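**Q** coordinates for the following, if possible.
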Amino acid sequence: MKNAVKLYAFGAMILLGAMAVMSGCKSAPELTQAQAQALIQAKYDQAPAEPVTITVGDRGMQQGVIAKYWGETKLYPNHYWGDFAFTPDGKKLVKLKDGGDIIQWRPENATDKNFTIVIQTLAAVHLRAHDIGEIQRSGEKRTASFSEAINLDSLPAPLQDIAHNPGNKLSTKRTATFVLNGDAWTLQSIQ
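**A** Predicted coordinates for the structure are as follows:
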């Protein structure tokens with residue numbers, strides 16, 4: 001009988017100990033896609049804004065002339081080379097990446113659609129996070145894939161159109177890693 005009482009007491013102590021341990025453990029709060037996006041966007045908003053580099057091809061040159069960002073100042077005898085000067089409106093928005101204020105348009109021939117120049121916006125912009133994927137568990141960490149895009153909203157529509165032409169990469173797939181800091185999730189890294 002003594003052994004039965006001891007066994008019962010020992011079992012009760014184990015059960016009480018397990019309950020005490022379990023009541024002290026908290027499960028990690030869930031990380032939602034909206035929370036993940038907010039954490040990523042907060043990081044982007046805190047980072048210094050940067051100008052946008054835009055590759056301008058034949059179509060972009062035409063769009064820039066129509067938008068009156070630059071105009072032709074000289075046409076060469078071959079009829080496909082030209083010099084283009086920035087207009088006052090254009091000078092408020094963009095500059096040549098390599099400096100100078102005259103675009104020297106020099107394609108190899110009249111049908112060359114591969115020749116490009118590079119301009120840079122004077123306005124600085126932030127990145128934007130969107131299309132957050134499902135939150136994945138990786139041990140104590142959480143990860144989510146998302147699209148990182150250059151936010152062109154502050155630029156005029158014709159300049160946005162030029163930036164959306166082929167040759168420009170405005171969006172990249174990334175993965176964010178989150179860790180629990182106390183009771184709140186924090187952004188650890190973006191790759």
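**Q** average model confidence for the strand or helix carrying I54?
**A** Using DSSP states H and E, I54 falls within strand 50-56. Throughout strand 50-56, pLDDT has a mean value of 97.
**Q** now it: how far from the chain's centre is it?
**A** Mean-position distance between strand 50-56 and its chain equals 14 Å (Cα atoms, centre = their mean, to the nearest Å).
**Q** now stretch 166-177
**A** Centroid separation for stretch 166-177 versus its chain: 6 Å, with Cα atoms, centre = their mean.
**Q** any idea how far apart the tips of that stretch sit?
**A** With Cα to Cα, to the nearest Å as the measure, the first residue of stretch 166-177 is 31 Å from its last.
**Q** pull the residues that contact it.
**A** Applying Cβ atoms under 8 Å, 6 or more residues apart in numbering, the contact partners of stretch 166-177 are 36, 39-40, 54-55, 57, 116, 138, 141-150, 152, 163-164, 187-191. For the C-beta atoms, the positions are set from N, CA and C on the backbone; glycine is no exception.
**Q** which of those are buried?
**A** Buried subset of the contacts of stretch 166-177 (neighbour count, 16 or more other Cβ atoms under 10 Å): 36, 39-40, 54-55, 57, 116, 142-144, 146, 148, 150, 152, 163, 187.
**Q** just checking, which of those residues belong to helices?
**A** Assigned to helices by DSSP state H, the following of the buried ones among the contacts of stretch 166-177 qualify: A36, L39, I40, A163.
**Q** noted, bye for now.
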